[in-house]
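Visitor: Coordinates for the following, if possible.
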Amino acid sequence: MTNSSTHSKTLNLAIDLLARRSNTPEDAGCQALMISRLEPLGFKIERMRFGNVDNLYARRGTSGPLLVFAGHTDVVPTGPLEKWHTPPFEPTIKEGMLYARGAADMKTSLAAFITSIEEFIAAHPNHAGSIGLLITSDEEGVAVDGTVKVVEALRARGEFIDYCIVGEPTSNKVVGDMIKNGRRGSLSGKLLVKGVQGHIAYPHLVKNPIHLVAPAIKDMVETIWDTGNEYFPPTSWQISNMNGGTGATNVVPGEVELLFNFRYCALVNNAGSTEANLKQRVHGILDGHKLDYDLEWEHSPSYITPRGNLVEAITTAIEQAYGVTPELSTTGGTSDGRFIADICPQVIEFGPLNATIHKLNECVAVADIEPLKETYKLTMETLLK
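Guide: Numbers count the residues shown, from 1 in each chain. From the prediction side, this is the model:
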């Protein structure tokens, strides 16, 4: 699909971005296209490449407050091409819907960032504070050379952000019904419990690690890790994989491996959990059962933005643009907001419907695109007036 004079500037830019095959961690020229729109507006452009990942940090202004729009140009794999109604990198409008990989997650938001900034600056060329963009091509992948590295670079030079809007698709049933003002932490464990392998007919000569770990599993399943708080549901502990055995029916295995995960309630007003506390309690249970084990951890931090200037500003903007009052939520998986929160006290996520993200025939309603641009612009008008 090519640009059309009958389309809005936001829709045309979204189409241009969606036509680029930016399978993670490829950027495929998306950031260059965005830069071509930002440079004429007076943005200072920094291309930050780490590993094989392209990142963009752009800023207009030197004073505070600094409002940053954050997002990613990379998309997940398409899946079987023959199951798409239309080619995933040939944006197509059909019955009022824009179809393409990345339409919802999250190139429409990127387009709305740019056109909202263009309109805001045209109306307020001498606006207060500063506007920034933090864009990566490493959000859908391993996320080690993207936003986290840019944040480290900004922090190292003493540059901090006052407000950040991440354009993730947060809406549930109608666009505008949900803002993410935080995310639960994710703490994964790889547990190896050791026993003594041997013939199943000689139980006195073996130590079955599956039997040994079973009581500890029961204890962890029955543990109330916390009861949640006003922003987060209670912490959940789940086993995702359990592997043990040699494949033979007459051999007791010498070890068993468990993969488990906490989606945990961040500590707010002394209610919730921390990474350190959860680790301590798990080791306490395992040690209490006198297990011989190795345990490796992987952590993705939580973050929370209480009600304040940013939440109130974007809530009012959504009400004006969509006629919907959003609820605050911390549900769902992780996002790059967890990294940005290290240098920004107020981080929220807001974007299109999430019903088709990562699915075949991903799409957004064309009618929802201009109100998204308007939401971002109205938020700037409140915070940078």
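Visitor: Helix, strand or coil: sort out Q238 for me.
Guide: Look at Q238: counting by DSSP: H, G, I helix; E, B strand; the rest coil, its state is strand.
Visitor: Show me where the stretch 1-150 of the chain has its helices.
Guide: 9-18, 30-38, 108-123, 147-156 (DSSP state H, counting those that start in this stretch).
Visitor: The shortest one: which residues count as buried?
Guide: For helix 30-38, the neighbour count (16 or more other CB atoms under 10 Å) marks 30-31, 33-35, 37-38 as buried. Every C-beta, even on glycine, is put in place using the N, C-alpha and C of the backbone.
Visitor: can you tell me which of those lies nearest to V53?
Guide: Q31 (10.8 Å; CB to CB).
Visitor: which residues touch the closest one?
Guide: 47, 54, 56, 73, 135, 137 (CB atoms under 8 Å, 6 or more residues apart in numbering).
Visitor: Return the distance of the closest residue to R155 other than its chain neighbours relative to S63.
Guide: Leaving aside its sequence neighbours, R155 sits nearest to I343 (CB to CB, 6 or more residues apart in numbering; 5.2 Å). Per CB to CB, to the nearest Å, I343 is found 17 Å from S63.
Visitor: which of the two has more neighbours?
Guide: Just comparing I343 and S63: by other CB atoms under 10 Å the higher neighbour count belongs to I343, 18 against 8.
Visitor: so what's that one up against?
Guide: 151, 154-155, 159-161.
Visitor: If we use 6 Å, what do you get?
Guide: Contacts for I343 were tallied using CB atoms under 6 Å, 6 or more residues apart in numbering; they are 151, 154-155, 160-161.
Visitor: do the same with M380
Guide: For M380, the contacting residues are F120, by CB under 6 Å, 6+ apart.
Visitor: Where does it sit: helix, strand or coil?
Guide: helix.
Visitor: Renumber starting at 242 from here on
Guide: Sounds good: first residue 242 from here, last item M621.
Visitor: What's the mean pLDDT across the strand or helix carrying E615?
Guide: Following DSSP states H and E, one finds E615 within helix 610-624. Across helix 610-624, pLDDT averages out at 98.
Visitor: quick revisit: in CSV: the helices of the stretch 242-391 of the chain, plus mean pLDDT.
Guide: Listed next are the helices of the stretch 242-391 of the chain as CSV, based on pLDDT from 0 to 100:
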stretch, mean pLDDT
helix 250-259, 98
helix 271-279, 98
helix 349-364, 98
helix 388-397, 97
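Visitor: Can you add distance to L500 and give those helices back as TSV?
Guide: Converted to TSV, the helices of the stretch 242-391 of the chain look like this (distance: least, CB to CB, whole Å):
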stretch	distance to L500
helix 250-259	36
helix 271-279	34
helix 349-364	33
helix 388-397	23
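Visitor: nearest to D533, of those?
Guide: helix 388-397 (35.2 Å).
Visitor: Distance from the chain centre to the closest one, please.
Guide: The chain centroid and the centroid of helix 388-397 are separated by 17 Å under CA atoms, centre = their mean, to the nearest Å.
Visitor: helices and strands around it, which ones?
Guide: helix 578-581 (3 or more CB pairs under 6 Å, 6 or more residues apart in numbering; DSSP states H and E).
Visitor: Give me the contact list for the helix it packs on.
Guide: Contact partners of helix 578-581, identified using CB under 6 Å, 6+ apart, comprise 311, 388-389, 392, 405, 407, 424, 542, 544, 588, 590.
Visitor: if you set the cut-off to 8 Å instead, what comes out?
Guide: 309, 311, 375, 388-389, 392, 402, 405, 407, 409, 421, 423-424, 541-544, 588-590.
Visitor: Just the C-alphas of it, formatted as CSV.
Guide: Once non-C-alpha atoms are left out, helix 578-581 reads as follows in CSV (Å, rounded to 0.1, in the frame of the first residue of the first chain):
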residue,chain,number,x,y,z
GLY,A,578,9.3,0.4,31.0
ARG,A,579,11.2,-1.7,33.6
PHE,A,580,14.5,-0.4,32.3
ILE,A,581,13.4,3.2,31.9
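Visitor: Let me see the mean pLDDT of it.
Guide: For helix 578-581, the mean pLDDT works out to 94.
Visitor: So how do I select the buried members of the contacts of I584 in PyMOL?
Guide: This is how PyMOL selects the buried members of the contacts of I584, with burial counted by 16+ other CB under 10 Å:
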select buried, resi 392+395+402
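Visitor: Grab the nearest non-local neighbour of the residue nearest the centre of the chain.
Guide: In the chain, the residue lying closest to the centroid (CA atoms, centre = their mean) is S576, at 1.5 Å. Spatial nearest neighbour of S576, excluding adjacent residues (CB to CB, 6+ apart): E409 at 5.3 Å.
Visitor: pretty sure that neighbour is touching M419, no?
Guide: No: under the criterion of CB atoms under 8 Å, E409 makes no contact with M419, lying 10.8 Å away.
Visitor: so who does C585 touch?
Guide: If you count contacts by CB under 8 Å, 6+ apart, C585 has them with 309, 401-405.
Visitor: try G270
Guide: R261.
Visitor: For it, what are phi and psi?
Guide: Torsion angles at G270 (phi, psi; degrees, to the nearest 10) stand at phi 90, psi 0.
Visitor: before we move on, what about G573?
Guide: phi 100, psi -170.
Visitor: A352 versus Y563, what's the distance?
Guide: Distance from Y563 to A352, by CB to CB: 17 Å.
Visitor: the more surrounded of the two?
Guide: Between Y563 and A352, counted using other CB under 10 Å, the more crowded position is A352 (28 against 19).
Visitor: okay, the residue nearest to L569 when sequence neighbours are not counted: pLDDT?
Guide: Take L569 and drop its neighbours on the chain: the residue closest to it by CB to CB, 6+ apart is N422, 4.7 Å away. With respect to pLDDT, N422 scores 95.
Visitor: residues near N422, how many?
Guide: By the criterion of other CB under 10 Å, N422 has 27 neighbours.
Visitor: Great, nothing more from me.
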